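**Student:** Just to be clear, the model below is a prediction. Sequence and coordinates:
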Amino acid sequence: MSGSQSLEDAIDWILVEMEADGLENVGTQNVLVPHWVRGKETLDIVSPRPRNIPVLGLGGSIGTPEGGIEAEVLVVSGFDDLAARSAEAKGKIVLFNVPFTSYGETVVYRRNGAPAAAKAGAVASLIRSVGPYSMQTPHTGSMRYEEDVPKIPHAAITLEDAGYIQRMSERGISVSVRLHMSAETRPDVMSRNVVAEIVGSEFPDEVVVMGGHIDSWDVGTGAMDDGGGCVATWEALRIIKNLGLRPRRTIRVVLWTNEENGLNGGRVYRDSVASNLDNHILAIESDAGLFKPSGFGFSGSDEALEIMREVGSLLAGIGADSITEGGGGADIGPLMRDGVPGMGLSVDRSRYFWYHHSPADTIDKLDPRDVGLSVATLAVVAFVVADMPERLPR
């Protein structure tokens, strides 16, 4: 997690290993990051049947009073339902039981549920975890407060328990719970982006940059989100070096910090290269897990898209030759907004949100063959674009 000693220990280890790999210009960039600490948290159903249930506070949430909060649960199906039933919400804990459709559609309840519930007079808010599948695994993630709206604790429960509370409520059975969270936001602290390169032979100032984000949530180990993306881009660079290849342009790997709850790493990197943005040829991000790759989503000019499709055709043998229009990533977003073409590794994401931001995001979910295919896909595209006689057009 950003701000944690575990993250800084991991960065220290990476630097040693990158140096041992013989990569060039290995170093870091200082990044000021938020420091939210989960602390202890529990959620107990008090009635109709006492039971402890899994819970994960959402990143940035305040804690409860020391004795916790005990209240009846009001189940709503979304913001419109809450607005229609706002008179019922005062003094209750609102549960947004919203089925997963897509991450982009459903995540709004994680991000914005607390202020919406607080405006209606709720004392805390819960969400059904943002994901399509669960084995009693809640999912965390970042949330937001609004100015001039009371701050209330905000947490996620499992799909199973959200369904249980919904069914009880539909039968007219009141469900009361006791929520305890000792979460707190501490002063910002310094973290680091990690940088390593193979310097170009002819155009060293022209850069193809690729990477993932080195921070994760504090549950699981962040193997899919995004330790795998970091390792895949790093391994792609290492393989290019070990093959004795030195492209015309520099290939740079950046492991960005603080993607999960701030995006400060991506902004600091963009600011550090602001004077050389015209020479950033392409930015590539891997932040969707390491499942079987199908290619990339690309954002850039039509001319560049056609060139990237030709490059992608080299990967037809492993089924990773699809270059679709539209793609990128959160960490390379600042570069892309300033005109740098961007692309994100496309993989089979059918199981990604099973594990995303949950205690189940551990290394056993990674299939070694899928990891290898992802590494190959990244290495081929990064090397070819960096080595083309002409630079990729804007």
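**Tutor:** On my side now, so go ahead.
**Student:** got the residue ranges for the strands in the stretch 101-250 of the chain?
**Tutor:** Applying DSSP state E, counting those that start in this stretch to the stretch 101-250 of the chain gives strands spanning 124-128, 154-157, 176-181, 184-198, 203-213, 249-256.
**Student:** could the ones you listed be laid out in CSV, adding mean pLDDT and mean neighbour count?
**Tutor:** Quick note: C-beta positions are derived from backbone N, CA and C, even for glycine. Converted to CSV, these look like this (pLDDT from 0 to 100; neighbours: other Cβ atoms under 10 Å):
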stretch, mean pLDDT, mean neighbour count
strand 124-128, 98, 29
strand 154-157, 98, 28
strand 176-181, 98, 22
strand 184-198, 98, 19
strand 203-213, 98, 23
strand 249-256, 98, 28
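**Student:** Ok, which of those comes nearest Val385?
**Tutor:** The minimum distance between Val385 and the strands of the stretch 101-250 of the chain falls on strand 203-213, with 5.4 Å, by Cβ to Cβ.
**Student:** Which other helices and strands does the closest one contact?
**Tutor:** In terms of contacts (3 or more Cβ pairs under 8 Å, 6 or more residues apart in numbering; DSSP states H and E), strand 203-213 is packed against helix 228-242, strand 249-256, strand 280-285, helix 368-387.
**Student:** Run a quick neighbour tally on the nearest residue to Ser4 once chain neighbours are set aside.
**Tutor:** Leaving aside its chain neighbours, Ser4 sits nearest to Asp218 (7.0 Å; criterion: Cβ to Cβ, 6 or more residues apart in numbering). Look at Asp218: counted by other Cβ atoms under 10 Å, it has 21 neighbours.
**Student:** circling back: tabulate the strands of the stretch 101-250 of the chain (JSON lines), appending distance to Ala116.
**Tutor:** As requested, the strands of the stretch 101-250 of the chain are exported to JSON lines (distance: least, Cβ to Cβ, whole Å):
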{"stretch": "strand 124-128", "distance to Ala116": "8"}
{"stretch": "strand 154-157", "distance to Ala116": "10"}
{"stretch": "strand 176-181", "distance to Ala116": "17"}
{"stretch": "strand 184-198", "distance to Ala116": "21"}
{"stretch": "strand 203-213", "distance to Ala116": "28"}
{"stretch": "strand 249-256", "distance to Ala116": "31"}
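**Student:** Looks like Arg85 contacts Val76 (just checking).
**Tutor:** Yes: between Arg85 and Val76 there is a contact under Cβ atoms under 8 Å: 6.4 Å.
**Student:** More neighbours: which of the two?
**Tutor:** Applying other Cβ under 10 Å to Arg85 and Val76 shows that Val76 carries more neighbours, namely 27 against 15.
**Student:** can you pull the contacts of the more buried one?
**Tutor:** Leu82, Arg85, Val94, Leu95, Phe96, Asn97 (Cβ atoms under 8 Å, 6 or more residues apart in numbering).
**Student:** What's opposite it in the beta bridge?
**Tutor:** Counting by DSSP bridges, Val76 forms beta bridges with Phe96.
**Student:** cool, and Ile69?
**Tutor:** Leu179.
**Student:** what about Leu243, neighbour count?
**Tutor:** 10.
**Student:** pLDDT wise, what is it at?
**Tutor:** Per-residue pLDDT puts Leu243 at 98.
**Student:** what do you get for the one 5 residues further on?
**Tutor:** Among the per-residue scores, Arg248 holds a pLDDT of 98.
**Student:** next one: Leu314
**Tutor:** If you check Leu314, the pLDDT there is 98.
**Student:** Need the nearest residue in space to it, chain neighbours excluded.
**Tutor:** Closest to Leu314 by Cβ to Cβ, 6+ apart is Val380, at 5.7 Å.
**Student:** ranking the contacts of Val76 by neighbours, who comes first?
**Tutor:** Counting by other Cβ under 10 Å, top hit in the contacts of Val76: Val94 with 29 neighbours.
**Student:** My reading is that it is in a strand; is that accurate?
**Tutor:** Yes: assignment of Val94 by DSSP: H, G, I helix; E, B strand; the rest coil places it within a strand.
**Student:** Name all residues that make contact with the closest residue to it other than its chain neighbours.
**Tutor:** Spatial nearest neighbour of Val94, chain neighbours left out: Ala117 (3.9 Å); criterion: Cβ to Cβ, 6+ apart. Shown in contact with Ala117 (Cβ under 8 Å, 6+ apart): Leu82, Ala89, Val94, Phe96, Ala124, Ser125, Ile152.
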